[in-house]
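K.L.:
Sequence isn't available, so here's the structure alone:
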């Protein structure tokens, strides 16, 4: 690859930890290593750190500090929310509603709950990937206990009408859970405004360390624990707290509070440039997802006659990391369920490209990918027996 | 092993594919396997002299290994006798590429099959009686679309007279003749998502409509039949049968147009 700088445009799949976060975490590995359950001074230092982080995270989403439960990540938070709430409320009913475009972790938890005897309804989305409120409302039954709809989609970046869903749910005494991971650092959270009762967050999606997540749990919307042990987190999530990571997430939030609005403006610039240039200059290219209700850092395209893995590999050869909804890159060989839910056929879902810039990208990274893309596409299309340029 | 963890040799054939293109003229035959629905479609062309493959070319829509195996297959085939080439297997191709990720062995390693199809086509050319032409039973009069009546006025339309009903909707139009093609074209003024579904290999219509269709945003899905309309309370998706692959899949739509 020579001297060419590596370009990373896959922030939706993983983010680096901000170096400022790492610096602040380091003392907690050695000097301030205590167990927050211990009563001596070393333990008190850990307890203080734990409390401080809990308050900062609560403040970030407009919740109370005793509504925050630390978990090992967003997957565990999703498990705790759905399984924990379903088990707690099963006397009230056994019907749960999710959307057709949920993250794979929610999809698979729902399948698990189905096997445990719960009934799951899946609400369709429109061609932009947005949940249709009318269709959601129609699926609500007397025995519906929980609605789970993501804050924004992790693939195509479509932002869901969470406040409207929250209102629908609250009016009927149904719990509303939202997996907010994809939206972290890109939108402002306010669980009171949006009437969210349970919300999953991940530390890494705020440029904090991996292996840490949070479940926000509104008072009166308690869940049953799914990990049993020493009774940490008020018995809701046992296991000695990972203070270093918990401090890391707090530091990541401190930075986000200061920098998010400027950062989002920068991402909006990247997004505009990517979308405008691709749609104008690449023939037979289309935007996936919503034209306006979309995450600032998300540009998602599909191209006629092109398969996504071939696209990804070509970019890899140029030192550019991107993502695709193609089946050929997935473990199951199934194309992206999100793209299918927007109404695409498999062939179209195969030819998709996901670009998600983030904190450490520079303007030249965007220029670089736009410079490389036409050649890469032309090369693949030349080999393709199904590409017929539209003569419009 | 990650699904995209390829050998250097595979990557080389992906980066510098050999024999891309088509062949025409005398003593040329071609074979086509796969389906874009499944993510892979390959065409292999061979030129034969004295029962020997003297040239081979390919065109492929597919992932990295689909392109690499196509390239390798044509390279291996050139110089082979037809008999030897018929013995060439997917495993031989994978071995020659220093292996493929296990998950890719079956889905994208189809080029050897395309080569065999080309050889069969070449031989059939000399004695057309030997191979019975493959015809699907497209004109099945007993074909019933499950749900067609249940969803009338709930997303199933028998005409497109009220175009406004379709604004911004994802519309599936069944190809039932020229009127359905005209309707599909008309709908593009209301929505950017119109799918025209036909059991045929292509839409057979007059030249004007054909040209208009090619230039339009209508997405044509060929060799497919509508089996069932699904949704809670109204049309939300349909079950489509891909006749070529004999596979069924769901397609999310808001409206279905069936013009008799």
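P.N.:
Here it is on my side, so go on. Since the model is a prediction, treat every value here as computed from it, not as a measurement.
K.L.:
residues touching residue A:270, list them.
P.N.:
A:297, A:299, A:357, A:361, A:363, A:366 (CB atoms under 8 Å, 6 or more residues apart in numbering or on different chains). Using the backbone N, CA and C atoms, a C-beta is placed for each residue, glycine as well.
K.L.:
let me redo that: residue B:242
P.N.:
B:35, B:37, B:223, B:224, B:248, B:249.
K.L.:
hmm, try it at 7 Å
P.N.:
Listed by CB atoms under 7 Å, 6 or more residues apart in numbering or on different chains, the contact set of residue B:242 reads B:35, B:37, B:223, B:224, B:249.
K.L.:
Chain A versus the fourth one, what's the distance?
P.N.:
Taken as CB to the nearest CB, to the nearest Å, the spacing of residue B:224 relative to chain A amounts to 9 Å.
K.L.:
hmm, back to that, restricted to strands, list the contacts of residue A:270.
P.N.:
With DSSP state E as the criterion, strands contain residue A:299 from among the contacts of residue A:270.
K.L.:
Helices of the stretch 1-150 of chain B, start to end?
P.N.:
For the stretch 1-150 of chain B, the helices defined by DSSP state H, counting those that start in this stretch cover B:8-15, B:64-77, B:82-87, B:90-96, B:104-107, B:111-126.
K.L.:
low pLDDT regions in chain A?
P.N.:
A:1-3, A:326-333, A:390-392 (pLDDT under 70).
K.L.:
Tell me which two in the contacts of residue B:242 are the farthest apart.
P.N.:
B:223 and B:249 (13.1 Å; CB to CB).
K.L.:
for chain A, what spans make up the helices?
P.N.:
Counting by DSSP state H, chain A has helices at residues A:19-25, A:27-30, A:41-61, A:74-88, A:104-115, A:133-139, A:162-171, A:243-281, A:308-317, A:337-341, A:346-350, A:363-383.
K.L.:
Of all those, which one comes closest to residue B:203?
P.N.:
Among the helices of chain A, helix A:346-350 sits nearest to residue B:203 (CB to CB), with 16.6 Å.
K.L.:
roughly how far is the closest one from the heart of the chain?
P.N.:
23 Å (CA atoms, centre = their mean, to the nearest Å).
K.L.:
Equivalent analysis for stretch A:55-74, please.
P.N.:
With CA atoms, centre = their mean, you get 17 Å for stretch A:55-74.
K.L.:
contacting residues for residue B:36?
P.N.:
Contacts of residue B:36 by CB under 7 Å, 6+ apart are A:347, A:386, B:61.
K.L.:
wait, what's in contact with residue A:40?
P.N.:
Contacts of residue A:40 by CB under 7 Å, 6+ apart: none found.
K.L.:
Actually, residue A:58.
P.N.:
A:64, A:65, A:67, A:68.
K.L.:
same thing but 10 Å
P.N.:
Residue A:58 makes contact with A:64, A:65, A:66, A:67, A:68, A:191, A:214, A:216 under the criterion CB atoms under 10 Å, 6 or more residues apart in numbering or on different chains.
K.L.:
The third one contacts residue A:234, correct?
P.N.:
Read that as residue A:66. Yes. Between residue A:66 and residue A:234 there is a contact at 7.7 Å, judged by CB atoms under 10 Å.
K.L.:
Quick check: neighbours shared by those two?
P.N.:
residue A:217.
K.L.:
rewinding a little: reformat the helices of chain A as TSV; add distance to residue B:115.
P.N.:
As requested, the helices of chain A are exported to TSV (distance: least, CB to CB, whole Å):
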stretch	distance to residue B:115
helix A:19-25	54
helix A:27-30	59
helix A:41-61	59
helix A:74-88	45
helix A:104-115	37
helix A:133-139	48
helix A:162-171	54
helix A:243-281	36
helix A:308-317	21
helix A:337-341	32
helix A:346-350	23
helix A:363-383	17
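K.L.:
What is the burial count for residue A:219?
P.N.:
10 (other CB atoms under 10 Å in any protein chain shown).
K.L.:
Identify the residues contacting the closest residue to it other than its chain neighbours.
P.N.:
Residue nearest to residue A:219 in three dimensions, not counting chain neighbours: residue A:67, with 6.5 Å by CB to CB, 6 or more residues apart in numbering or on different chains. For residue A:67, the contacting residues are A:54, A:57-58, A:61, A:191, A:197-199, A:214-219, A:221, by CB under 10 Å, 6+ apart.
K.L.:
Next, work out how far apart residue B:169 and residue A:287 are.
P.N.:
18 Å (CB to CB, to the nearest Å).
K.L.:
which ones are touching residue A:195?
P.N.:
Here residue A:195 is in contact with A:162, A:163, A:164, A:165, A:166, A:167, A:168, A:169, A:170, A:171, A:176, A:218 (criterion: CB under 10 Å, 6+ apart).
K.L.:
from these, which is closest to chain B?
P.N.:
residue A:168 (16.3 Å; CB to the nearest CB).
K.L.:
I figured that closest one hits residue A:132, correct?
P.N.:
No. If you go by CB under 10 Å, residue A:168 and residue A:132 don't touch, sitting 12.0 Å apart.
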